[in-house]
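Q: please find the sequence and the predicted model below.
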Amino acid sequence: MTSNQQPNWQPISMLSFVAQHLTEGLEAAQENLENFQRAKDRPGSLDDCTVERAISVYSRQADDLWVFHEQLARWRELNLTIEQSNSLGEAEKNLNRLEATIKELMPLLYKLRSSTIDKILGMSDMEVALNVLSGKLKSPT
């Protein structure tokens with residue numbers, strides 16, 4: 001969301017939709033974190049486009065998390081049913097977990113930038129050897 005856009009605050013009837021959105025976002029982020037962690041030990045397993053796209057997606061998502069925090073806070077101020085309160089509590093937990101997952105993902109993605117197949121293919125044999133010997137690039141096993 002750009003800084004000049006005002007969020008369209010939702011009524012409490014949208015709680016289940018927002019909660020589901022947060023659950024799915026968390027699941028996707030956790031799955032991507034696991035995949036990118038595996039790629040960390042496999043230089044050349046990712047290309048520039050994949051890493052840059054992930055950085056773009058998760059940067060935008062991180063920038064927009066404040067909207068979800070504010071929406072959930074607004075709902076928290078309402079006179080909620082027990083079911084709504086429980087659902088809101090679960091949504092808040094998932095939002096916090098999503099935020100933590102993105103915070104873990106971002107530095108990993110920036111680190112993966114240097115070991116994409118595109119970067120490795122752009123190096124001379126000497127550069128690859130020096131990067132492997134210096135530990136900057138893990139040797140594929």
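A: Structure's in. What do you need?

Q: do you have the helices of this structure handy? List them.
A: 15-40, 48-76, 82-112, 117-121, 125-134 (DSSP state H).

Q: what's the distance between the closest residue to residue 52 other than its chain neighbours and residue 105?
A: Among residues not flanking residue 52 along the chain, residue 113 sits closest, at 7.8 Å (C-beta to C-beta, 6 or more residues apart in numbering). In this view, the C-beta of every residue, glycine as well, is placed from N, C-alpha and C. Using C-beta to C-beta, to the nearest Å, residue 113 is found at 13 Å from residue 105.

Q: contacting residues for the nearest residue to residue 23 once chain neighbours are set aside?
A: Nearest residue to residue 23 in three dimensions, chain neighbours excluded: residue 94, at 5.5 Å (C-beta to C-beta, 6+ apart). Contact partners of residue 94, counting by C-beta atoms under 8 Å, 6 or more residues apart in numbering, are 19, 22, 23, 25, 26.

Q: could you turn the buried ones of those residues into a PyMOL selection?
A: Selection of buried members from these for PyMOL, criterion 16 or more other C-beta atoms under 10 Å:
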select buried, resi 19+22+23+25+26
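
Q: would CSV of the contacts of residue 94 with distance to residue 4 be doable?
A: Shown next, in CSV, are these (distance: C-beta to C-beta, whole Å):
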residue, distance to residue 4
19, 28
22, 25
23, 30
25, 24
26, 29
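
Q: which one in the protein is furthest away from the centre?
A: residue 126 (34.8 Å; C-alpha atoms, centre = their mean).

Q: dump the helices of the chain to CSV, plus mean pLDDT and distance to residue 5.
A: Formatted as CSV, these follow (pLDDT from 0 to 100; distance: least, C-beta to C-beta, whole Å):
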stretch, mean pLDDT, distance to residue 5
helix 15-40, 97, 18
helix 48-76, 97, 10
helix 82-112, 97, 20
helix 117-121, 78, 34
helix 125-134, 76, 43
